[in-house]
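Engineer: the following block contains a protein sequence and its predicted model.
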Amino acid sequence: MSWELLLWLLALCALILPLVQLLRFLRADADLTLLWAEWQGRRPEWELTDMVVWITGASSGIGEELAFQLCKLGVSLVLSARRVQELERVKRRCLGRNCLKDCMFFLIYLLGIDILVNNSGRSQRSLVLETSLDVFKELINLNYIGTVSLTKCVLPHMIERKQGKIVTVNSIAGIASVSLSSGYCASKHALRGFFNALLSELGQYPGITLCNIYPGPVQSDIVKNALTEEVNKSMRNNIDQSYKMPTSRCVRLMLIAMANDLKEVWISDHPVLLGAYIWQYMPTWASWLNCKLGKKRIQNFKNNLDPDLPYKFLKAKKD
């Protein structure tokens, strides 16, 4: 092979590879590191069996689906949630498939937790100027203080055993803030700061790993159960979930991240995934775009429409 032909082939590869990566990104529903792990990494079926996993917020949505998929891997589950009846329903669902090895509702297995999944939390749909300070306090107490408190409770036992994994379900809103969710975004930003700092402190404990999950819009009850202007005021209408990522796909990607000890993963369809990248690398442009979309979200909210209609429209055009 002549040097000229070799150089030509190298130049062609240099052009093709970025195009392949671009096409891959345009079809992505998660960050590229996670998708690479899905393709070439360790399987949850190999890595997560015979473990004790505690899932908070397990009564619906991501927590429920996570319990269902984990129980099929042969794990022992500790499920907790505020809504006991819904938690019982999740238990029956798992038992109905004869895949539940062990399911408990109290902290009797605290000393033997292999994986803690911090999934509990609530969202928000209200304007800052119309929202009671109690709502912001509630969001910080539940989403941030509650998660930190539970992590501090379990972590010493993991350190004593020299092994353990703490998985925290954050949100893309913990990276890129959106209107109508100021208190929710603040609580998720706080979680990101806390766990990034904790990660740097755990370097002396190599057996302890952290995995921070940042989902975008996912089919769940988080919007239906969102706080509004007052702590005791419910949402005014139900929100269409059909255009959001199926919960089963989100949870499968979460399990892959857990199996491969990925430190931070983003899980979302476009255009939200693209927005997270823009926010990360071009914050000034992202702020401008966020203001433009924010006006439309607020207008829809005031008209009793789905605030996420701009996202829904862009997703429909893509599909």
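Structural biologist: Cool, the structure landed.
Engineer: for residue 305, give me its contacts.
Structural biologist: Residues in contact with residue 305 (CB atoms under 8 Å, 6 or more residues apart in numbering): none are found. C-beta: built from backbone N, CA, C; applies to glycine.
Engineer: in this protein, which helix or strand is least confident?
Structural biologist: For the chain, scoring each helix and strand by mean pLDDT, DSSP states H and E identifies strand 103-104 as the least confident one, at a mean of 50.
Engineer: okay, now the sheet partners of the helix or strand that comes right after that strand, with direction.
Structural biologist: Heading C-terminal from strand 103-104, the first helix or strand you meet, by DSSP states H and E, is strand 115-118. Next to strand 115-118 in the sheet, as set by DSSP bridges, lie strand 52-56 (parallel), strand 164-169 (parallel).
Engineer: distance between strand 115-118 and the chain's centre?
Structural biologist: The chain centre lies 12 Å from the centre of strand 115-118; the measure is CA atoms, centre = their mean, to the nearest Å.
Engineer: contacts for that strand, please.
Structural biologist: For strand 115-118, the external contacting residues (CB under 8 Å, 6+ apart) are 48, 51-56, 63, 66, 147, 150-151, 154, 164-169, 258.
Engineer: packing partners for the helix or strand following it?
Structural biologist: Downstream of strand 115-118, the next assigned helix or strand under DSSP H and E is helix 133-139. Here helix 133-139 touches helix 182-201, going by 3 or more CB pairs under 8 Å, 6 or more residues apart in numbering; DSSP states H and E.
Engineer: what's the helix it packs on packed up against?
Structural biologist: helix 133-139, helix 146-161, strand 208-215.
Engineer: average model confidence for the first one?
Structural biologist: What that stands for is helix 133-139. Averaged across helix 133-139, the pLDDT comes to 97.
Engineer: tell me which residues of that helix come out buried.
Structural biologist: For helix 133-139, the neighbour count (16 or more other CB atoms under 10 Å) marks 135-136, 138-139 as buried.
Engineer: any chance of these in JSON lines, plus distance to residue 250?
Structural biologist: Shown next, in JSON lines, are those (distance: CB to CB, whole Å):
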{"residue": "135", "distance to residue 250": "26"}
{"residue": "136", "distance to residue 250": "27"}
{"residue": "138", "distance to residue 250": "25"}
{"residue": "139", "distance to residue 250": "22"}
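Engineer: pull the most distant pair out of the residues you listed.
Structural biologist: Distances among these were taken as CB to CB; the most separated pair is 136 and 138, at 7.3 Å.
Engineer: quick revisit: and among the helices and strands packed on helix 182-201, the most buried is which?
Structural biologist: strand 208-215 (a mean of 22; mean count of other CB atoms under 10 Å).
Engineer: quick one: strands adjacent to that strand?
Structural biologist: strand 164-169 (parallel), strand 264-267 (parallel).
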